[in-house]
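Novice: sequence below, structure please.
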Amino acid sequence: MEGRVAPFRYAALQNGANVLSERKITHDAPPLVLERAIQRRRLRPLARRNTAAIRAFFGALAALCDLAAIIASALAAGWLYHFLAYDQSIPAEYLFRQGYVIAVLFVVPNLALSEYVIAHYLSFETHAGRVFVVWNIAFVAALLLAFITKTSADVSRGAALMFYAAGLGALLFIRLTLVRIVRDRTREGGVAAQRIFLVGFEADVRAFQARYDTAGLGLDVVCASILRGPGSLSDDLTLAAASARVLRPDEIYVLVPWSERVTIEAAVDAFLQVPAAIHPGSESIVERFRDVRFERVGPISSLHLVRRPLSTLDIILKRLFDVVIASIALVLLAPLFLVMAALIKLDSKGPVFFLQRRYGFNQEPFRIWKFRSMTTLDDGPVIKQATANDVRVTRIGRFMRRTNIDELPQLVNVLKGEMSLVGPRPHALAHDQLYERTIALYARRHNVRPGITGWAQVSGLRGETNSDAKMRRRVEYDLYYIDNWSLMFDVKIMILTVFSRKAYRNAQ
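Specialist: From the prediction side, this is the model:
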């Protein structure tokens, strides 16, 4: 088995032994089992034998890294603050005790939530949000504990704030480092988050292996059992179940189209005798959505494909965030508003503000506020989009459009509840009515409040949409935002709106 082998090998169980064979699959051949494809290199024997031990070791290591990062942050932040503020040191034992309490309050909930598993460290995408939430809960719980025990007077507010920032940064750095290590090791075949067994028709098995980078996902495909058809289904599944008992996979994937109900039910019945999780093969419609889950309401069972755009709590949090930030921004930007109003009046004839009808949440119309940047005030059934070097754009208007200043009056729309700080950008009613007829799911953009900025805009998708392809790509980004909303995602988009070059690309 060492050295070079054929891309796929087929094994038949004979008298309880796993005998390798190079034969091709035919409909009249005996039941066969497809061994996993050899990709970049074979897994080290130790890693293959001790997968469970590696996972347990990694879980302990990840938890200890978080614990150490928090305690180290407490020591460093406390010492630095007292050195800078009072030019004196503070007992390390006192700082260690503070850090240890918060570290326990952070690590224990993560252990309960099964956070420290290898599968969670294959991507950094969701770590920031999870760390932020649990870190804040731990910090607030520690402050409440200090208040209850009457030790809050001993806590320096400056040191606490420095510890909060340092601890959060250290945790994110540790998570990012571990993610990179795990991803590198999974690509090399040295770490497997799960050992999986595939069963299905040959075309579906090959399609699964072609579609997914299983090694990169931390999946070790230990074997794949080929089903030849209805006539041999019972024999094939008996062999497959026997193979699974020998190989002891963590997960079994039944790669059969959902329309083959009889085959799926027979496969599930066969593998119920194997101590492994069973998954029906994913269908293309399911793969379109990120948070798919199974739900049961009394006797009714169903797949939950699409969540409500925002839960009641999400709506409250997002609205509170919008009102607070928009109110502060309007106060701070009041001098800029006065300056821009004067410049607009001096530059060309017309009002300071441009109001145009747009569709908002649930396609309810409202009038959007903008600083006037053009000589025209179109708001009818035919509206011409702004183009590069558009003669209608005024001199001060060109500057405002390049810097996004013309959008700032929409803070008023935010306070009125017609818009949000972040969301899909609203288009003129004439354009909405056009694209709803030509682009699928376009109207789904109205399932949330429109935003002053959005995920599409900070990704460089601004400017004229003179083709359905351009608008379709913008809509894809808007729908991604709706399906993956979080408060941290809003914060990220707002930061990118100000500091990312892409946010200013194609401004016209």
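Novice: which parts of the protein are strands?
Specialist: Along the chain, counting by DSSP state E, strands occupy 10-14, 17-21, 33-35, 194-201, 219-227, 251-255, 277-280, 293-297, 300-304, 353-359, 365-371, 420-422, 451-453.
Novice: need those strands in CSV with mean neighbour count and distance to Leu237, can you?
Specialist: C-betas here are computed from N, CA, C, even on glycine. Listed next are these as CSV, based on neighbours: other C-beta atoms under 10 Å; distance: least, C-beta to C-beta, whole Å:
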stretch, mean neighbour count, distance to Leu237
strand 10-14, 16, 13
strand 17-21, 12, 17
strand 33-35, 23, 12
strand 194-201, 24, 8
strand 219-227, 24, 7
strand 251-255, 22, 10
strand 277-280, 14, 12
strand 293-297, 8, 24
strand 300-304, 10, 24
strand 353-359, 18, 53
strand 365-371, 19, 58
strand 420-422, 26, 50
strand 451-453, 26, 52
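Novice: which stretch in those strands has the least confidence?
Specialist: Across the strands of the chain, strand 17-21 has the smallest mean pLDDT, namely a mean of 33.
Novice: which one of the strands of the chain lies closest to Arg392?
Specialist: strand 353-359 (11.6 Å; C-beta to C-beta).
Novice: what angle do strand 365-371 and that closest one make with each other?
Specialist: Counting by axes from the mean of the first three to the mean of the last three C-alpha atoms, to 10 degrees, strand 353-359 lies at 150 degrees to strand 365-371.
Novice: which helices and strands sit right next to strand 353-359?
Specialist: Judged by 3 or more C-beta pairs under 8 Å, 6 or more residues apart in numbering; DSSP states H and E, strand 353-359 is in contact with strand 365-371, helix 429-438.
Novice: and of those, who's closest to Arg195?
Specialist: Comparing these by C-beta to C-beta, helix 429-438 comes nearest, at 46.9 Å.
Novice: re the thing from before, ok, which of the helices and strands packed on strand 353-359 comes nearest Arg296?
Specialist: helix 429-438 (35.1 Å).
Novice: show me the shaky parts of this protein.
Specialist: 1-52, 87-89, 151-155, 186-193, 216, 288-291, 307, 378-389, 463-466, 505-508 (pLDDT under 70).
Novice: can you list the domains in it?
Specialist: Listed by automatic domain parsing, the domain ranges of the chain are 10-43+192-282, 51-188, 312-504.
Novice: would TSV of the strands of the chain with distance to Leu95 be doable?
Specialist: Shown next, in TSV, are the strands of the chain (distance: least, C-beta to C-beta, whole Å):
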stretch	distance to Leu95
strand 10-14	59
strand 17-21	58
strand 33-35	55
strand 194-201	40
strand 219-227	43
strand 251-255	44
strand 277-280	44
strand 293-297	43
strand 300-304	46
strand 353-359	54
strand 365-371	51
strand 420-422	38
strand 451-453	41
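Novice: Glu407: which of the ones you listed is closest?
Specialist: Among the strands of the chain, strand 451-453 sits nearest to Glu407 (C-beta to C-beta), with 5.4 Å.
Novice: partners of the closest one, with directions?
Specialist: In the sheet, strand 451-453 lines up against strand 420-422 (parallel) (DSSP bridges).
Novice: now find how far off-centre the partner strand is within its chain.
Specialist: On the basis of C-alpha atoms, centre = their mean, to the nearest Å, strand 420-422 is displaced by 19 Å from the centre of the chain it belongs to.
Novice: closest to Ile439 out of the strands of the chain?
Specialist: strand 353-359 (14.5 Å).
Novice: contacts for stretch 271-288?
Specialist: Outside of stretch 271-288, the residues within contact range by C-beta atoms under 8 Å, 6 or more residues apart in numbering are 197, 199-200, 204, 208, 240-241, 244-245, 248-258, 264, 268, 292, 303, 305.
Novice: columns distance to Val297 on top of the domains of the chain, output as CSV?
Specialist: Shown next, in CSV, are the domains of the chain (distance: least, C-beta to C-beta, whole Å):
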stretch, distance to Val297
domain 10-43+192-282, 20
domain 51-188, 25
domain 312-504, 19
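Novice: looking at those, which is closest to Pro299?
Specialist: domain 10-43+192-282 (18.0 Å).
Novice: before we move on, back to that, for the strands of the chain, which one sits closest to Thr403?
Specialist: Among the strands of the chain, strand 365-371 sits nearest to Thr403 (C-beta to C-beta), with 10.9 Å.
Novice: so which of the domains of the chain gets nearest Gly298?
Specialist: Short answer: domain 10-43+192-282, nearest of the domains of the chain by C-beta to C-beta, at 22.0 Å.
Novice: picking that back up, among the strands of the chain, which comes closest to Phe163?
Specialist: strand 420-422 (29.3 Å).
Novice: re the thing from before, will you turn the helices and strands packed on strand 353-359 into JSON lines that also has distance to Met340?
Specialist: Formatted as JSON lines, those follow (distance: least, C-beta to C-beta, whole Å):
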{"stretch": "strand 365-371", "distance to Met340": "6"}
{"stretch": "helix 429-438", "distance to Met340": "26"}
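Novice: perfect, I'm done here.
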